[in-house]
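A.B. asks: give me a model of this one.
(chains A and B)
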Amino acid sequence: MAIYIIRRLIQGFIVLVLATLVIYTILVATPGGPRDQVEELKQQSSGSRKVSQSYVESILKAYKLDSPYPLNYLRWLFDPKDTQELNEYNQLVQKGIDVHIGDWHIAGSGVLTGNFGRSISIAKGLQVTDMLAGKVGNTLALTFSALVFSLIVAFPIGIISAIRQYSKIDYAVTAFSFVGLSMPTFWLGLMLIIFLAVLPKQLSLNGCTWCPYLPPGATYDIDRDNDVINRIYHLVLPVVVLSFVQVASFSRYIRSSMLEVLRQDYVRTAWAKGLSQRVVILKHALRNALIPVITIVTLGLPFLFSGAIATETVFAYSGMGRLFVDAVFQIDLPLVMTFLLIITALIILCNILADILYAVADPRIRFS
Amino acid sequence: MATMAKVEERLAPAEQSQLSMTWRRFRKHRMGLIGLVTIILLVSSVIVIPLISPYGYDQIDPLALIPDSRLPIAAQASTFKPMMWTSPVGGPTHILGTDDVGRDNFTRLFYGGRISLAVGIITTLIVLVIGSTVGALAGFYGKWVDTLLMRLVDLLLSLPELPILLIMSKMLNESGVMTNIFGRALGTVATIVLVLSFLGWLGLSRLVRGSILSLRSLDFVEASRALGASDRRIIMRHLMPNSMAPIIVAATLAVGGFIISESFLSFLGLGIQSPTPSWGNLLQGSQEYAAFITNVNPFEEIRGYLILFPGFLILLTVLSINFIGDALRDALDPRLKM
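C.D. replies: Model (predicted):
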């Protein structure tokens, strides 16, 4: 098992490196990317408007565009000559690694040594990793509460609709999951903002004191303490929106997985032994039905981050997804690239994790 | 003898084509049928809209720019005119009022449907071609072709799709390359089709490969090879038609997915750009509309329904498409044929 995990991790690392090549190529080669930006800036600065030379240089330097194609990618991964950079106060600082091993002296920086660069346009000079790290907490608060909430809701729904297949409840659940899978999340968010935030606010101004007002955006009220209650209050609407789609898809998987298991011989044996319904369903059926569900949930983890993009944007929730959208609008490529790399790494890791958990949950599966 | 032949003819079961059998099974799926009717209604209404509407999608009604004294004082000077508004001097009614620059909302809503549906369908067709080609090559030739192509697919599948769509369409729109080729009205539409199909074909290629792989070693393929059929003929005439069922279902469901992606990109302002409308970019700025609602009933207020209708039509379209896909799966699945 340990050998299997190590092998998968090594494979995963190779895939990640190849993925960086693809991401780098897409971002640099797409028309309108840094190459075109530099061209445009040069043309502008030759005209009446002077564009600062350091800005052009910062773009060129961030992507090593002064080298031809495959070489610039390698230099972006690791560049032995690049050891200094400007920080947010325009001071020269050391970057990258500088180590002596015997007679060897290795110095340099790049993505491989953890230098993801500094923001070009949003917050010029700030480390992109610091910017993203500052938002991770907010995003995790949102996505994990949504995940937990949707699992709590989806399990009973899925189990009941499997036990009572073709009943009215089952049809209702199926209809609901179809709506959930067809719903444009950002529009659901807008509708909830109107009906649960804007309208109650207006009604309460007109004298309705009991109206259930929920805040339409932001992470917390600035005029109140930034405490847990305040946070949760602001999380309600985004979590509901994010969960809506997840409940729809999870309950469908749980239902079909339960249906599969309920047909098995060992479940019939359990019934024949005269066990109570509770024991048969929860102990014999559900445990086995969990196996495919674990895979689905694990594979869905990275998409909690990219799926939160729509929700965070609509609710002006200050998380990683929102920061990413801002970076896209200003084409702040170091930030964009780092975000993409993080999500890609998460996807690859969760793929491996799903396979491992599958084996842990199901002893019938053995890895050679 | 003649009567005998007639009797035999009558006794023989009526010859059923594949199509009519599929249709018979499709009809039994009530939601699928409702979905099909809805889609037909939607598609025909977006096709006939230029015949019905007296306004063009980018035509500004000069009458809507004139303050209207019949409206509440706060709304008089606004170019947003309410539902069922007719200018005091006459002219055709604006069924859903006008937007921020005095264009007819009703016309734009249905022209937007035209663009959104077209993006969904065209992207699916492109993705079908790429996905089927890659999948068929990998499944049929196997060995290193299969390894190479499927490793590529695996690699691309490990990239986050939505974020890449966002940044690519932003950069392409910024560069103006597509606008130079396809013109101002269609440039951003072409951009979004290109971006969506860039990573959209991966799932389909896996599906086609699996299906071809399972058919490749069957007897009828061997037979046609023995008869001297070329690889191309075996793939096009034998393997592809036999793996059509899952492909059709997946393609149907893909249309809905692309429509949702397009609407989100356009909602952010990274997709289709005004004046060309789409269901997504009609919702652009609706957060600001929401903030402007000052009346207790947002749908009496001028702007509330501007958020309701485009999103509702997206939901309706995608829901219908998903029901059709579900019904097709039931109708095309040969295991249910018994």
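
A.B. asks: spatially central residue for the chain, please.
C.D. replies: I went with chain A, as the question did not name one. residue A:305 (1.5 Å; C-alpha atoms, centre = their mean).

A.B. asks: I was after chain B.
C.D. replies: Centre-most residue of chain B, counting by C-alpha atoms, centre = their mean: residue B:120, 2.7 Å.

A.B. asks: tell me the SS of it?
C.D. replies: The three-state label given to residue B:120 by DSSP: H, G, I helix; E, B strand; the rest coil is helix.

A.B. asks: where does the residue nearest to the centre of chain A sit, in terms of helix or strand?
C.D. replies: Residue A:305 belongs to helix A:286-314 when assigned by DSSP states H and E.

A.B. asks: what packs against that helix?
C.D. replies: With contacts taken as 3 or more C-beta pairs under 8 Å, 6 or more residues apart in numbering or on different chains; DSSP states H and E, helix A:286-314 sits against helix A:128-163, helix A:185-192, helix A:228-262, helix A:320-329, helix A:333-361, helix B:161-175. Bear in mind the C-beta positions are built from the backbone N, C-alpha and C, glycine included.

A.B. asks: as CSV, these with distance to residue A:91 would be great.
C.D. replies: Converted to CSV, the helices and strands packed on helix A:286-314 look like this (distance: least, C-beta to C-beta, whole Å):
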stretch, distance to residue A:91
helix A:128-163, 16
helix A:185-192, 41
helix A:228-262, 36
helix A:320-329, 24
helix A:333-361, 19
helix B:161-175, 30
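
A.B. asks: relative to residue A:67, which of those helices is closest?
C.D. replies: Nearest of those to residue A:67, taken as C-beta to C-beta: helix A:333-361 at 16.8 Å.

A.B. asks: got the angle for the helix holding residue A:305 vs helix A:128-163?
C.D. replies: Going by axes from the mean of the first three to the mean of the last three C-alpha atoms, to 10 degrees, helix A:286-314 is angled at 130 degrees with respect to helix A:128-163.

A.B. asks: now helix A:286-314 against helix B:161-175, angle please.
C.D. replies: Using the same axes, to 10 degrees, helix A:286-314 lies at 20 degrees relative to helix B:161-175.

A.B. asks: how about the residues of the stretch 151-300 of chain A near chain B?
C.D. replies: With C-beta under 8 Å from any C-beta of the partner chain as the criterion, the stretch 151-300 of chain A meets chain B at residues A:178-179, A:181-187, A:190-191, A:193-194, A:198-199, A:202-203, A:206, A:216.

A.B. asks: what sits up against stretch A:108-115?
C.D. replies: Contacts to stretch A:108-115, defined as C-beta atoms under 8 Å, 6 or more residues apart in numbering or on different chains, come from residues A:20, A:75-83, A:85, A:95-97, A:129, A:341.

A.B. asks: switch to 10 Å and redo it
C.D. replies: A:17, A:20, A:24, A:64, A:73-85, A:94-98, A:106-107, A:116-117, A:127-129, A:334, A:337-338, A:341 (C-beta atoms under 10 Å, 6 or more residues apart in numbering or on different chains).

A.B. asks: ends of that stretch, how far apart?
C.D. replies: Distance between the boundary residues of stretch A:108-115 (C-alpha to C-alpha, to the nearest Å) amounts to 10 Å.

A.B. asks: just the buried positions in it, please.
C.D. replies: Buried residues in stretch A:108-115, counted by 16 or more other C-beta atoms under 10 Å in any protein chain shown: A:108, A:109, A:110, A:111, A:113, A:115.

A.B. asks: circling back to that earlier point, in strands only, show me the contacts of stretch A:108-115.
C.D. replies: Among the contacts of stretch A:108-115, the ones falling in strands (DSSP state E) are A:84, A:85, A:94, A:97, A:98, A:106, A:107.

A.B. asks: just the buried residues of those.
C.D. replies: Buried among the ones in strands among the contacts of stretch A:108-115 (16+ other C-beta under 10 Å): A:85, A:97.

A.B. asks: farthest-separated two in the ones in strands among the contacts of stretch A:108-115?
C.D. replies: A:85 and A:106 (18.0 Å).

A.B. asks: any weak-confidence spans in chain A?
C.D. replies: A:44-55, A:58, A:82-83, A:86-88, A:96, A:211, A:217-226, A:306-307, A:366-368 (pLDDT under 70).

A.B. asks: name the element residue A:176 belongs to?
C.D. replies: helix A:168-182.

A.B. asks: that helix to helix A:185-192, inter-axis angle?
C.D. replies: Using the same axes, to 10 degrees, the inter-axis angle of helix A:168-182 relative to helix A:185-192 is 110 degrees.
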